[in-house]
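>>> how would this look folded up:
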Amino acid sequence: MGELVHISKFKVYKEPGKGKVKQAYLEGFPKPIRMGVHGGIKKFYGVEPEEDLPATLDHVVADGHPCRRAGSALDSDWTR
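Numbering: from 1, shown residues only. Prediction:
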């Protein structure tokens, strides 16, 4: 097994009265990351939030997105 490089420490809180809106605080960063629902996700949960926000899944998918690879089928102007 390889060497442990980093351990992420974070806390996630639901915003009171805001449905599916959450704030994630990552150790070492003073501002929270706001997450919620949008598009098909809000349809799946049957909610209509006050504002559309990226979902937790969006953050995970964006992290692994190969948009910076030259010639990628997923490459598009809005990802740069």
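>>> for this protein, what spans make up the helices?
Using DSSP state H, the helices of the chain run over 39-45, 56-63.
>>> by contact count, what packs against the last one?
Right, helix 56-63. strand 33-35 (3 or more CB pairs under 8 Å, 6 or more residues apart in numbering; DSSP states H and E). All C-beta atoms are positioned from the backbone trio N, CA, C, and that covers glycine.
>>> Give me the residues contacting the strand it packs on.
For strand 33-35, contacts defined as CB atoms under 8 Å, 6 or more residues apart in numbering pick out 15, 21-26, 53-56, 58-59.
>>> Which pLDDT value goes with the residue lying farthest from the centre of the chain?
The C-alpha centroid of the chain is most remote from Met1, which lies 28.8 Å away (CA atoms, centre = their mean). In this model, Met1 is scored at 75, pLDDT.
>>> any low-confidence regions in this protein?
Within the chain, the stretches with pLDDT under 70 are 64-80.
>>> would you list every one of the strands in it?
10-14, 22-26, 33-35 (DSSP state E).
>>> Please identify the buried residues of the shortest one?
By neighbour count, with 16 or more other CB atoms under 10 Å as the criterion, the buried positions of strand 33-35 are 33, 35.
>>> contacting residues around the most centrally placed residue in the chain?
With distances taken as CA atoms, centre = their mean, His59 lies nearest the centre of the chain, 2.8 Å away. His59 is in contact with 33, 35, counting by CB under 8 Å, 6+ apart.
>>> what separates the nearest residue to Lys11 once chain neighbours are set aside from Pro16, distance-wise?
Among residues not flanking Lys11 along the chain, Tyr25 sits closest, at 4.9 Å (CB to CB, 6 or more residues apart in numbering). Remark: distance between Tyr25 and Pro16 (CB to CB, to the nearest Å) = 16 Å.
>>> Between the two, which has more neighbouring residues?
The residue with more neighbours, out of Tyr25 and Pro16, is Tyr25; 15 against 6, by other CB atoms under 10 Å.
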